[in-house]
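A.B. asks: 3D model of this:
(one chain, ligands or ions: 2)
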Amino acid sequence: MSLYAIVLAAGQGKRMKSDLPKVLHTALGKPMIHWVLESVAPLEPEKILVVVGHGAEAVSAALPLGTIAVHQEPQLGTGHAVQLAMAEVADSPEDTILVVNGDMPLLGAPLLGRTIAACGGKAASLVSFQAEDPTGYGRIVRNVGGELVRVVEEKDASESERHLREVNAGVYAFSASALRRALSQNDRNNAQQEHYLPDVIPAMIEEGGVAIVKAEPEEVAGVNSQDQLSSAEAQLRKRINLDWQQRGVWMQDPDRVYIDASVTLAAGVRLYPGVHLEGNTVVSEGAVVGPEVYAIDSEIGPGSRVWYSVLRKAQVGEDVEVGPFASLRPGTVLAARSKAGTFVEMKNTSVGEGAKVPHLSYLGDATVGARTNIGAGTITCNYNGYEKLPTTIGEDVFVGSDTMFIAPVEIGDRAVTGAGSVITNDVPPGALAVERSPQKEIPDYAQKLAARYRNRRSKD
Ligand code: UD1
Ligand code: MG
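C.D. replies: Ligands and ions are numbered 1, 2, ... in the order given. Next up, the predicted model:
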């Protein structure tokens, strides 16, 4: 006896109102289809067959190794999709077929395990739940004795059937032989002129009974529209945040912390509200992040403090201060105990150990040596309209406020630049470079000015 899994992912997802195939829409940075496949994988099916159709190329390209794409063209419904996938299943009557819709990112392996177990000794099992709002779901129809009779799709349901709140989740286990027989008789006489998979249920009841496995909406809600996607994502976020809290991450308000599934956090990390951590972001022990930080594919080192800032492919070392209001763009590397302070932007720039860029600066394509201090308002003029050019600043340099570095330029160790200087030439180690026009004083200027205006006012 073998287990086969069929994941249905060929539908267009019209209700999403998007060109992107529905199952590629992401929740916590991960496509819906991956969430589903991750719930199926622990059951170790003989084969995992994913039925693709709408946007087949993109969906197939997103499938992980070890899954098999089955093409459904045209898409004539969920029953048709399963029938096509069954061609990939060996003709052994003892096999069990697990079928799940590809639009259920909340699924977990334990529920699938229970569904397969419930199918044992019967022709099939299916998962149902009580929906607060059953709109869009197939309704579970039971007889007066409470036994399952059939599933009716919303578009085919009578007025009274529409009021039923027990709905079909879109997760099923079938005995392979019973399923094959029932599918061969699955017609399209319904409102959508589609082969509905749930239409096999009455035949299955006849063949050997269908078990119902009850689930909570939080485990099985389907995603057909943008608002359902955001509800599902909120549910996943709840789970993931709770999981990090259980591993020792402190969150002041977990409802306002947004952590992608791909992010890694250490115990002892502190997250304030408004934190978004995406992609391959890693936050190390003791780091304090937020309020209001957006970090994508970035590293935040141990003990660092980052607040009110945006980080994209940036590496922040140990005990570094970032923000408030810093923008660290790709290629920014901040060594231990350095600082990128208020209204500071950096791109493709490395800042050495203990070096400080405290206020109002732009550093692009720059290297800043250890312990160097960059004065407020300093800018690397790294772009001449055609190419990006480097600025190299040595160790223990004191950069005066409002220095403009016209790249390419190199500043030696321990050099000093005068405030307001436009530095076009290299500065040797230890030298002062100052570029300013001499200051003029006009004695008694204020008095003269006041006198002039006094006269004018008296004329009026
Ligand atoms: C389906 C069920 C409904 C159930 C609901 C649970 C049917 C007919 N109805 O409705 O009883 O309550 O799921 O969420 O099955 N797909 C294909 N090929 C097709 C059509 C659809 O692969 O030809 C795929 C879709 O990509 C999707 C899944 O099957 O992942 C379900 O299709 P969808 O259109 O979302 O069905 P629902 O209307 O949600
Ligand atoms: Mg659906």
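A.B. asks: pLDDT weak spots in the chain?
C.D. replies: The model of the chain has pLDDT under 70 over residues 457-460.
A.B. asks: interface residues of it facing ligand 1?
C.D. replies: Within the chain, the positions near ligand 1 by Cβ under 6 Å from any ligand atom are 8-11, 51, 53, 72, 75-78, 80-81, 101-103, 136-138, 151, 153, 167-170, 196-198, 222, 224. In this view, the C-beta of every residue, glycine as well, is placed from N, C-alpha and C.
A.B. asks: of these, just the buried ones, ChimeraX syntax please.
C.D. replies: In ChimeraX, this line selects whichever of those come out buried by 16 or more other Cβ atoms under 10 Å:
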select :8,9,10,11,51,53,72,75,76,77,78,80,81,101,102,103,137,138,151,153,167,168,169,170,196,197,198,222,224
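A.B. asks: intersect the residues of the chain next to ligand 1 with the contacts of ligand 2.
C.D. replies: 103, 222, 224 (Cβ under 5 Å from the ion).
A.B. asks: which ones among the residues of the chain next to ligand 1 are found in strands?
C.D. replies: 8-9, 51, 101, 151, 167-170 (DSSP state E).
A.B. asks: max pairwise distance over those residues: which two?
C.D. replies: Val51 and Val167 (21.9 Å; Cβ to Cβ).
A.B. asks: how's the protein carved up into domains?
C.D. replies: 3-219, 240-433 (automatic domain parsing).
A.B. asks: how far off centre is the longest one?
C.D. replies: How far domain 3-219 lies from its chain's middle: 26 Å, per Cα atoms, centre = their mean, to the nearest Å.
A.B. asks: end-to-end on it?
C.D. replies: 22 Å (Cα to Cα, to the nearest Å).
A.B. asks: Glu206 falls within a helix, correct?
C.D. replies: Yes: checked against DSSP: H, G, I helix; E, B strand; the rest coil, Glu206 lies within a helix.
A.B. asks: just list the residues touching the residue of the stretch 1-150 of the chain found nearest ligand 2, thanks.
C.D. replies: Residue of the stretch 1-150 of the chain nearest ligand 2, by Cβ to the ion: Asp103 (4.6 Å). Asp103 makes contact with 9, 11, 13, 22-23, 32, 36, 170, 222-224 under the criterion Cβ atoms under 8 Å, 6 or more residues apart in numbering.
A.B. asks: just the helices in this protein please.
C.D. replies: Secondary structure of the chain (DSSP state H): helices at 32-40, 56-62, 78-86, 109-119, 159-162, 176-184, 201-208, 217-220, 226-246, 445-459.
A.B. asks: ok and the fourth one relative to helix 32-40, angle-wise?
C.D. replies: With axes from the mean of the first three to the mean of the last three Cα atoms, to 10 degrees as the criterion, the two stretches helix 109-119 and helix 32-40 enclose an angle of 60 degrees.
A.B. asks: pull the CA atoms of helix 109-119 into CSV?
C.D. replies: The C-alpha coordinates for helix 109-119 follow below in CSV (Å, rounded to 0.1, in the frame of the first residue of the first chain):
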residue,chain,number,x,y,z
ALA,A,109,0.9,17.7,8.4
PRO,A,110,-0.9,16.4,11.6
LEU,A,111,-4.3,17.1,10.0
LEU,A,112,-3.3,15.4,6.8
GLY,A,113,-2.2,12.4,8.8
ARG,A,114,-5.6,12.3,10.6
THR,A,115,-7.4,12.5,7.2
ILE,A,116,-5.4,9.6,5.8
ALA,A,117,-6.0,7.5,9.0
ALA,A,118,-9.7,8.2,8.8
CYS,A,119,-9.8,6.8,5.2
